[in-house]
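Visitor: sequence and predicted structure are below.
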Amino acid sequence: MKSINPEDFKVVNKIELSKLPTNLDIGASDDKKEDKLDNVREKLSDLQDTMYAHNRYGVLICLQGMDTSGKDSLIREVFKEFNSRGVVVHSFKTPNSTELEHNYLWRHYLALPEKGKFAVFNRTHYENVLVTRVHPEYILNENLPGIEEVSSITETFWENRMEQIKNFEKHITQNGTIVIKFFLHMSKEEQRQRLLRRLEEKKHNWKFSVGDLKERGRWDDYMHYYEEAINNTSTEYAPWYVIPADDKEMCRYIVAKIIWEEMQKYTDIQEPKMEDKLQENIEMYKEILAKE
């Protein structure tokens, strides 16, 4: 079985998604991949316990990908060993009326992780430079000054948005939030097969939406805007990783391994030591409890 190097998936230079693989064969069976994932997620669970005691950092995991790319099942499988209070998942849908009364990043600020915890954004603040670029008419719902019609939305508007997103991520990373971003890179053919399974397998019928087909029709537009967003917002403090996603088991293992490797850089995350005064009297406290 070939080893996985997280740096191979990190975006450090300009990328072309069409030239990046959507499948990765490391010569391992699905059972072997599952064993590898199980080992990593147990270590991640222990790490989160230590983070909670350390109480200095929160971790934000951002997941983006086309419909059926496996975001939901990845969250379930990668974080299943976590203390249920140690990870919070947020799925950002179409902004509601309250959210539209604030700037587009407001609801994302509210969902940031507490110190000692993980937050997973299943679809993220990047929807504001992805789906709204494919459907710029959605921007009109934000009631922004100077934006009266779609023709008012210029390239400068989108450039500014991406700069605002980078500033948002810089702000939160400078204040103790570790940000790791993943694009689940699936082929158009694999999406077709997964949509067909939703129709053919009765237990998955509920997952199918006609809207999935409409958005699939804009596949090339989405790939163009994903590529542009990733290239413009992958930074040292909040890097993007492009993960081959045609093989769900492989994808989950790679994501888990990258999170683990990235967290190893924070060598200051340690369980706090007992205060000297308490340590000096530990035997006395044990005697008191033993006599009860």
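Guide: Structure received. Residues are numbered from 1 along each chain as shown.
Visitor: contacts and neighbour counts: CA atoms only from here.
Guide: Will do.
Visitor: which helix or strand contains Glu163?
Guide: Using DSSP states H and E, Glu163 falls within helix 155-173.
Visitor: which parts of the stretch 51-200 of the chain are helices?
Guide: In the stretch 51-200 of the chain, the segments counted as helices under DSSP state H, counting those that start in this stretch are 71-78, 106-110, 131-134, 155-173, 188-200.
Visitor: including distance to Ile254 and mean neighbour count, could those go into CSV?
Guide: Shown next, in CSV, are the helices of the stretch 51-200 of the chain (distance: least, Cα to Cα, whole Å; neighbours: other Cα atoms under 10 Å):
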stretch, distance to Ile254, mean neighbour count
helix 71-78, 10, 17
helix 106-110, 26, 13
helix 131-134, 26, 16
helix 155-173, 23, 15
helix 188-200, 19, 15
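Visitor: out of the ones you listed, the one nearest Asp25 is which?
Guide: Smallest distance to Asp25 across the helices of the stretch 51-200 of the chain (Cα to Cα): 15.6 Å, for helix 188-200.
Visitor: what about the residue nearest to Leu74 when sequence neighbours are not counted, how many residues nearby?
Guide: Once flanking residues are discounted, Leu74 sits nearest to Arg252: 5.5 Å by Cα to Cα, 6 or more residues apart in numbering. Using other Cα atoms under 10 Å, Arg252 has 25 neighbouring residues.
Visitor: Arg76 is in contact with Arg252, correct?
Guide: No. Assessed by Cα atoms under 8 Å, Arg252 is found out of contact with Arg76, at 9.8 Å.
Visitor: surely Ile147 is in contact with Ile153?
Guide: Yes. Counting by Cα under 8 Å, Ile153 is a contact partner of Ile147 at 6.7 Å.
Visitor: ok, now how distant is Leu289 from His108?
Guide: Note on Leu289: its distance to His108, by Cα to Cα, to the nearest Å, is 47 Å.
Visitor: what's the answer for Lys166, then?
Guide: Counting by Cα to Cα - Lys166 and His108 are separated by 14 Å.
Visitor: mind listing what the residue nearest the centre of the chain touches?
Guide: Among the residues of the chain, the one closest to the centroid is Cys62, at 2.0 Å (Cα atoms, centre = their mean). Taking Cα atoms under 8 Å, 6 or more residues apart in numbering, we find Cys62 in contact with Val120, Phe121, Asn122, Arg123, Thr124, Val179, Ile180, Lys181, Phe182.
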